[in-house]
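Peer 1: Give me a model of this one.
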Amino acid sequence: DLQGDAGLRADVAPAAARYALLAGERALGLDTTKALTLLDRARALTAETDSTFALVLLRWGDAAHQAGMMREGAQAVEKAASNLKAQGDLARAGEALTLLASIQRRLGAPEALSTAQRAVALLRSTPGVELVAALAALAGLHYATGADEAAIQTAEEALGLADHLSLPTPGRALGFRGSARCAMGDLGGLADMERALELLIAAGRGTDAGVLQSNLALERAQLEGPVATLANLEKAYAFAEARGLTETTWFAAAASINNLVMVGRFDEAIDQADVLLPLLRASGERLQVCHVLKAQTAALAERGVDASSKADEALQIAHDAHDPILLMYAAWGAARARVGVGNLDAAHDLLDEIAAAPIHHDSRYAEVVPVLMRSALALEDLDFVDRLSEGVPDTLPGQQHALITVSAIQAEAAGDHAKAARLYADAATGWERFTNVLEQAHALVGQGRCLALMGDGRADQSLRAGRALFDRMGATPRVDECDRLIAGASGAAL
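Peer 2: Alright, predicted model coming up:
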């Protein structure tokens, strides 16, 4: 106890602070609760006038953001970056800016990319491990926002610099290169990501490893479908939870909610969203708020519930972040919500924005394009039907199923119901194998609708199959639509 003797405190505190700092640094990424406790102690024992206080503040901010204290972490790291630069410690100032950029990304701040670029610029005069890390972080931000070629180029610069300086292979840079390669349809990126995960775990980089596990699950999603993705995200969640990485568990949890919607488990998705959203809001974490809201919006809109306020909030976060990939995801819920309540002008404007975005090449776009196409069909806008599908590759299974759905919608819009029915049947079969129950149900109803318009008696079977799936989801408007179509088909048969 140092409180009772000021002289003893003055003598012992610096050594105790150094010990707490070193021990806290070692615990980062491995045991966040322990790291934060130790760094709390180091911060309390270090005077703000001490030259080491800026480093203590940097490490404390890192632990705080890992624990889910996003705003507090950002404030501490930003102050540390300023103090370190003033002290002439450019290497650690650049390190602080690199961390700040990652936290700003989670806060939905539009300056995240420019902060990462500032870190790289600051460190170029003293190339070392800090510059390698800054380049890796910049690559990650490029990937996250759909600038996949820039992500690969920046990650390769980091890898080349590490090799030139005889530094260990940077797992984070390798992981983001792999993620961007996968997003462009290059499955060799999976090997990059898997190797990167091994490197990060071996190096004790728990936070980066946890994020990469979730990214790996999501990049594999276009190969394996949502049921396998849920299992992979559960593993990523468990990895992060065991290390007290609260913020990283939120990433996995938010992604899981989205996949629950895809497999038609709406009740679970809505309930989990209701639990997670207050935690995210309290921390200031806006990135995952957007993802959770768009999934919740999608489920509620399928059930005929007005989710306009949730849709608008998700879109606002994406617009504030100046992030086209985040906007694309927000539109996955918002487009159907706006069409569902008859807000057709707003739906039109949203589809126009997505149609013009330079993201159609990205594998993640395949996840949302069928919903956007159905919204365009509801608007009876054939221009959108074509523009939204331009530039979508057919490399991965998820993309292939999405493009078959797109072709079916295009054929239906053109009045070729026989062709549309065949394509919808193919899409339903593909989505069933892919375990995307929501898209399977829509494809079955699309098939039945086109067959009914042709007076084909097979419409009843497709419509009843789609109805059964929608009924399990509690999607009452879809069930009602099926009932009307079934009744109409039966009347036509008579």
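Peer 1: The stretch 201-350 of the chain: helices as residue ranges?
Peer 2: Counting by DSSP state H, counting those that start in this stretch, the segments of the stretch 201-350 of the chain that form helices are 206-224, 226-242, 246-262, 266-283, 287-302, 308-321, 324-340, 344-356.
Peer 1: Check the stretch 1-150 of the chain too.
Peer 2: Per DSSP H, counting those that start in this stretch, the stretch 1-150 of the chain carries helices over the ranges 6-27, 32-45, 53-66, 70-86, 90-106, 112-123, 129-144, 148-164.
Peer 1: sorry, back to before: which one of the helices of the stretch 201-350 of the chain lies nearest to Asp383?
Peer 2: Ranking the helices of the stretch 201-350 of the chain by distance to Asp383, with CB to CB as the measure, places helix 344-356 first at 8.6 Å. Where C-beta positions appear, they are placed from N, C-alpha and C, glycine not excepted.
Peer 1: per-residue confidence averaged over the closest one?
Peer 2: Mean pLDDT, computed over helix 344-356, is 95.
Peer 1: I'd like to know which elements it is packed against.
Peer 2: Using 3 or more CB pairs under 8 Å, 6 or more residues apart in numbering; DSSP states H and E as the contact criterion, the elements in contact with helix 344-356 are helix 324-340, helix 369-378, helix 382-387.
Peer 1: which helices and strands sit right next to the second one?
Peer 2: To tie it back to what came earlier, the one meant is helix 369-378. Under the contact rule (3+ CB pairs under 8 Å, 6+ apart), helix 369-378 is packed against helix 324-340, helix 344-356, helix 382-387, helix 397-413, helix 437-453.
Peer 1: Any idea which of the ones you listed has the lowest pLDDT on average?
Peer 2: In terms of average pLDDT, helix 382-387 trails the rest of the helices and strands packed on helix 369-378, at a mean of 85.
Peer 1: pull the CA atoms of that one into PDB?
Peer 2: Output for helix 382-387, consisting of C-alpha atoms alone and laid out as PDB, is shown next (Å, rounded to 0.1, in the frame of the first residue of the first chain):
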ATOM      1  CA  LEU A 382     -36.100  -2.100 -65.900                       C
ATOM      2  CA  ASP A 383     -33.100   0.300 -66.000                       C
ATOM      3  CA  PHE A 384     -32.300  -0.600 -62.400                       C
ATOM      4  CA  VAL A 385     -32.800  -4.300 -63.100                       C
ATOM      5  CA  ASP A 386     -29.900  -4.100 -65.600                       C
ATOM      6  CA  ARG A 387     -27.700  -1.500 -63.800                       C
END
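Peer 1: deepest of the helices and strands packed on helix 344-356, which one?
Peer 2: Compared across those, helix 324-340 shows the largest average neighbour count, a mean of 26 (mean count of other CB atoms under 10 Å).
Peer 1: My guess is Leu28 contacts Arg59. True?
Peer 2: Yes: applying CB atoms under 8 Å, one finds Leu28 in contact with Arg59, separated by 7.0 Å.
Peer 1: Those two: which is more packed in?
Peer 2: Arg59 (26 against 22; other CB atoms under 10 Å).
Peer 1: which residues touch the more buried one?
Peer 2: Arg59 sits next to Leu21, Gly24, Glu25, Leu28, Leu39, Ala42 when contact means CB atoms under 8 Å, 6 or more residues apart in numbering.
Peer 1: how near is the fourth one to Leu141?
Peer 2: Using CB to CB, to the nearest Å, one gets 21 Å for the distance from Leu28 to Leu141.
Peer 1: Now tabulate the helices of the stretch 1-150 of the chain in CSV and tack on distance to Arg303.
Peer 2: As requested, the helices of the stretch 1-150 of the chain are arranged in CSV below (distance: least, CB to CB, whole Å):
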stretch, distance to Arg303
helix 6-27, 45
helix 32-45, 37
helix 53-66, 36
helix 70-86, 32
helix 90-106, 30
helix 112-123, 35
helix 129-144, 31
helix 148-164, 35
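Peer 1: Ok, which of these comes nearest Val292?
Peer 2: Counting by CB to CB, Val292 lies closest to helix 90-106 out of these; the figure is 13.3 Å.
Peer 1: Compute the inter-axis angle for the closest one and helix 308-321.
Peer 2: Per axes from the mean of the first three to the mean of the last three CA atoms, to 10 degrees, the angle that helix 90-106 makes with helix 308-321 is 160 degrees.
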